[in-house]
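A.B. asks: The sequence and its predicted three-dimensional model are supplied below.
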Amino acid sequence: MFLRKSAVARQKNAVENQILVRDSKGINEEQVKEMKSAFDHFDKNDDGRLDHFEFRACLVSLGYNVDTEEHLVNHNADNDRHSDFERVLQMVDPDMTGQVTFNAFMDFMTQEASDMDTAEQIIASFRVLAGDKRYITPEEIRRELPAHQAEYCIARMSPYEGHDAVPGSLDYMSFATALYGQSDL
């Protein structure tokens, strides 16, 4: 009876933690379920943690291109180049315990999701605010954004120098790519 109550309490706690994680990271319930399902599938011993090999297999199953397992076994101390996978491990297992918790996995996955196409999303948003123009004016920014956000953007945007520039026009594309990385647009 005690073991059953303990298992129910653990499950309830896990669900509550998932809700907190979901709410704090801005991801929806379906995304949490997908991540939990992938995590649980590779958690072969059901201990709520992935060893580094399980974590790598999980990433591969989610479409990530990670280095071979050799980097986990034969790390050359003389080689300063770290594999991409080793860099990921430093994020999800900074103490190098050999274990990745679900919360660390969720942190990594939500960071990955939020980093994807960010520059494109910002450019697309500014393009809408600018009425499909390749530049935006300070007046348009002030009209559409809260005052503190508008002033932040205006102060950091370079002048737009295209042939269709109007006095005071700003370059939202270079602003977005400077903040979030290279854009394909």
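C.D. replies: Sure thing, it's come through. Numbering: from 1, shown residues only.
A.B. asks: Am I right that Phe55 sits in a strand?
C.D. replies: No - under the criterion used here (DSSP: H, G, I helix; E, B strand; the rest coil), Phe55 is helix, not part of a strand.
A.B. asks: Report how many residues lie close to the spatially closest residue to it that is not a sequence neighbour.
C.D. replies: Once flanking residues are discounted, Phe55 sits nearest to Val100: 4.6 Å by C-beta to C-beta, 6 or more residues apart in numbering. From N, CA and C alone the C-beta is placed, and that goes for glycine too. A count of neighbours around Val100, defined by other C-beta atoms under 10 Å, yields 25.
A.B. asks: For Val128, see how far away the residue nearest the centre of the chain is.
C.D. replies: Per C-alpha atoms, centre = their mean, the C-alpha nearest to the average position across the chain is that of Gln111, at 1.9 Å. As for Gln111, its distance to Val128 is 26 Å (criterion: C-beta to C-beta, to the nearest Å).
A.B. asks: what's the following helix or strand after the helix or strand of the chain with the lowest mean pLDDT?
C.D. replies: One helix or strand of the chain scores below all others by mean pLDDT, DSSP states H and E: helix 70-73, with a mean of 42. In the C-terminal direction, the helix or strand that comes right after helix 70-73 (DSSP states H and E) is helix 84-92.
A.B. asks: buried residues in that next one?
C.D. replies: 85-86, 88-89, 92 (16 or more other C-beta atoms under 10 Å).
A.B. asks: Among those residues, which one lies nearest to Tyr172?
C.D. replies: Val88 (31.8 Å; C-beta to C-beta).
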